[in-house]
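>>> no sequence for this one, just the structure:
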Ligand SMILES: Cc1cc2nc3c(=O)[nH]c(=O)nc-3n(C[C@H](O)[C@H](O)[C@H](O)COP(=O)(O)OP(=O)(O)OC[C@H]3O[C@@H](n4cnc5c(N)ncnc54)[C@H](O)[C@@H]3O)c2cc1C
Ligand SMILES: NC(=O)c1ccc[n+]([C@@H]2O[C@H](COP(=O)([O-])OP(=O)(O)OC[C@H]3O[C@@H](n4cnc5c(N)ncnc54)[C@H](O)[C@@H]3O)[C@@H](O)[C@H]2O)c1
C-alpha cells in the first residue's frame, strides 16, 4: 500500500487542485480515461471550437438579407476536425506527461479506482492507495437510453461524434437539451441535414418558458424538429445508413433515415465508477455524491473526515465554471481546515452555444412569481427585443430578446434570460450586478451604456421592468 498526503480521482477539474502549496507533499492523481477530463477532451472546448467555424459557415446564409452575398463553397471536415483535435490532444498529452513524469512528488495512476475504505482506494490492477485526504472529481458520463439499436456503430454520443471520419450527410439527434441544441447548430451550419427527435413539446425545457418556447420556434425554422416524438428502435439498412422508428404525439408512426445518430439524453454522475455507495457515502437520487457547502462528502448527513467531492460527480450543475469554482473552494479547504470556504451557488449562469445563442442566470419568471407569492413581494418582468435597439436594428434581428426579472420594492435582480447574438457576453454585467447586490434601477441609470452597442438592449430591459400582471 502506498500512502499519500492527497489522492485525487479524476484529472479534469481535479487536476487544478495540485497547487504550489503542495510542493514537497505526496500526491496521487488517478485517471481511468483521457487525461484532462470532459471539458478539454470531449466537452466545452472542442464543441466551441466547432461552434466558431459553424458560425462562419452560417454567416453565408444570413448575410444575403443585408445585401452582402457570401457563398459557402465547402467545408473541409477533416481539416476542421484535425485542427481541433491536434491542438486538444497535445494539451492533454502535455498535462499527462507533466503530471506523470515531470513532477517528482506526484504519481499518476492511469486506471480506474474504487473506494475500499473512507480514504483507501484500490486500482483496477490491484494496487492499494491510502491518503490523508481524498478528492472525488470523477465527473459524469453520457446516458444512453435502453432503445434497441443504440449499440450500432452509426450511433454516437458527444464523446465520439466530433471525431467522425467524415461529415455525415444526414444526422438524427435524440434529445432536446444543451448537447442536442449545440450539435444541431454545429452540424447543420456545416451542411449536414439535421433531424431532432424530442420527447416533449419544447426544447431546452429546463430554461425560462419564453426562452424555451422562442428557441423551439427558431429550431423549427432551422432544422427538422420532431417534438413529441420518441425513438423506439434504430436499425441498420445494410448500406452504412440506419433507419429510426419513431412514435409521434398521437401515436403516429414515422421513420427517419440517417447516416449518424447522436444520443444527447443527459449525463449521469460517475459515483458508481468510484464505489462511493459501497463505502456508505450519501448519494442523491440521481447518483450525485452528496456534499455540504464546504464540498465535504457526507455519510448519513455528516461530513466524512478528509473526503471531498467537486464538479459533475457531486454538483447539481453540470457546468465547467461551477466545477472550477468548487475546485477553488476545495483547494482552499484542503489547506485551511480551520477556516473553510463555502461554495457559492446562488447565481449560477449558463450559456447554450447554439443558434440563436442563449444565456441564463437566476430565477425563471415562473419561479420568480412563485417566490413573490411566497414572500408577499412583487416581481417585475421586462422583455426587450434586440431589434428595438440601434445595434439590433442594424443587424435586422427579429428573434433576439433580453428578459429580466426583478423585485419591485428593492430592484433586486432575480433572473436574466437572453436569446440572440452574443447572449453569453451580454449577460455578464447582469451576473455581476446579482453577485454584488447592484439593483436594477441603479444599474440602469448609475453608469454609461455605450451607444449604439448591443448592450443597450440590457439597459432598455432594465428601464422597462414592469409588473407582469398589470403591465404598469
Ligand atoms: C459536449 C459537452 C459540451 C459541454 N460544454 C460546456 C460548456 O460550454 N460550458 C460549460 O460550463 N460546461 C460544458 N460542459 C460540461 C463540462 O464539460 C463539465 O461540467 C465538466 O467538464 C465537469 O468537470 P469535472 O472535473 O467534474 O469532471 P471531468 O472533467 O469529467 O473529469 C472526471 C474524470 O474522472 C475520471 N474518472 C471517473 N471515475 C473514475 C474512476 N473511478 N477512476 C479513475 N478515474 C475516474 C474520468 O475518466 C474523467 O476524466 C459540456 C459537456 C459536454 C459533454
Ligand atoms: N454550453 C454548456 O454549458 C453545455 C453544453 C453541453 C452540455 N452541457 C452540460 O451537459 C449536460 C448534459 O447535456 P444533455 O444535453 O445531454 O442533457 P440535458 O439534460 O440538457 O438534456 C437531455 C435531453 O434528453 C431528453 N431525454 C432524456 N431521456 C430521454 C430518453 N430516454 N429519450 C428521449 N429523450 C430523452 C430530455 O428530455 C432532454 O431534452 C447539460 O445539462 C449541461 O449541464 C453544458
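Great, that's in hand. Predicted model only: the values in this text are computed from it and were never measured. Ligands and ions are numbered 1, 2, ... in the order given.

>>> need the residues of the stretch 201-350 of the chain near ligand 2, please.
The stretch 201-350 of the chain has residues 264, 265, 266, 267, 318, 319, 350 near ligand 2, with proximity defined as Cβ under 6 Å from any ligand atom. For glycine as for every other residue, the C-beta is placed from the backbone atoms N, C-alpha and C.

>>> try it again at 8 Å.
Residues of the stretch 201-350 of the chain that fall close to ligand 2, judged by Cβ under 8 Å from any ligand atom: 203-206, 230-231, 264-267, 317-320, 350.

>>> and the residue sitting nearest the centre point of the chain, what's its pLDDT?
The centroid of the chain falls nearest to residue 319 when counting by Cα atoms, centre = their mean (4.6 Å). If you check residue 319, the pLDDT there is 98.

>>> where does pLDDT dip in the protein?
467-472 (pLDDT under 70).

>>> contact partners of the helix or strand hosting residue 361?
Element membership of residue 361 [criterion: DSSP states H and E] is strand 358-362. Applying Cβ atoms under 8 Å, 6 or more residues apart in numbering, the contact partners of strand 358-362 are 181, 204, 207-208, 211, 215, 347-352, 405, 413-419, 423-424, 426-427, 430-431, 434.

>>> please tell me how far that strand is from the chain's geometric centre.
Counting by Cα atoms, centre = their mean, to the nearest Å, strand 358-362 is centred 12 Å from the centre of its parent chain.

>>> does any part of it sit near ligand 2?
No. Judged by Cβ under 8 Å from any ligand atom, strand 358-362 makes no contact with ligand 2; its nearest approach is 8.8 Å.

>>> helix or strand right after that strand?
helix 365-375.

>>> buried ones in the next helix or strand after that next one?
Moving toward the C-terminus from helix 365-375, the next helix or strand (DSSP H and E) is strand 379-385. Along strand 379-385, these residues count as buried under the neighbour rule (16 or more other Cβ atoms under 10 Å): 379, 380, 381, 382, 383, 384, 385.

>>> surely the first one meets residue 403?
Pointing back at residue 379 there. No. Using Cβ atoms under 8 Å, residue 379 makes no contact with residue 403, being 11.9 Å away.

>>> can you check which residues contact both of the two?
With Cβ under 8 Å, 6+ apart as the test, residue 379 and residue 403 both reach residue 365.

>>> got a list of what the residue nearest to residue 319 when sequence neighbours are not counted touches?
Once flanking residues are discounted, residue 319 sits nearest to residue 350: 5.8 Å by Cβ to Cβ, 6 or more residues apart in numbering. By Cβ under 8 Å, 6+ apart, residue 350 lies in contact with 178, 317, 319, 359, 360, 361.

>>> bridging residues for residue 350?
residue 360 (DSSP bridges).

>>> quick check: it vs residue 361, distance?
8 Å (Cβ to Cβ, to the nearest Å).

>>> the residue of the stretch 151-300 of the chain found nearest ligand 2: neighbour count?
Distances between the stretch 151-300 of the chain and ligand 2 by Cβ to the nearest ligand atom are smallest at residue 177, namely 1.9 Å. Using other Cβ atoms under 10 Å as the criterion, residue 177 is surrounded by 18 other residues.

>>> mind listing what it touches?
203, 204, 206, 264, 265, 266.

>>> repeat that with 10 Å
Counting by Cβ atoms under 10 Å, 6 or more residues apart in numbering, residue 177 makes contact with 198, 203, 204, 205, 206, 207, 264, 265, 266, 267, 352.

>>> closest one to ligand 1 out of these, please.
Nearest member of the contacts of residue 177 to ligand 1, counting by Cβ to the nearest ligand atom, is residue 267, at 6.3 Å.
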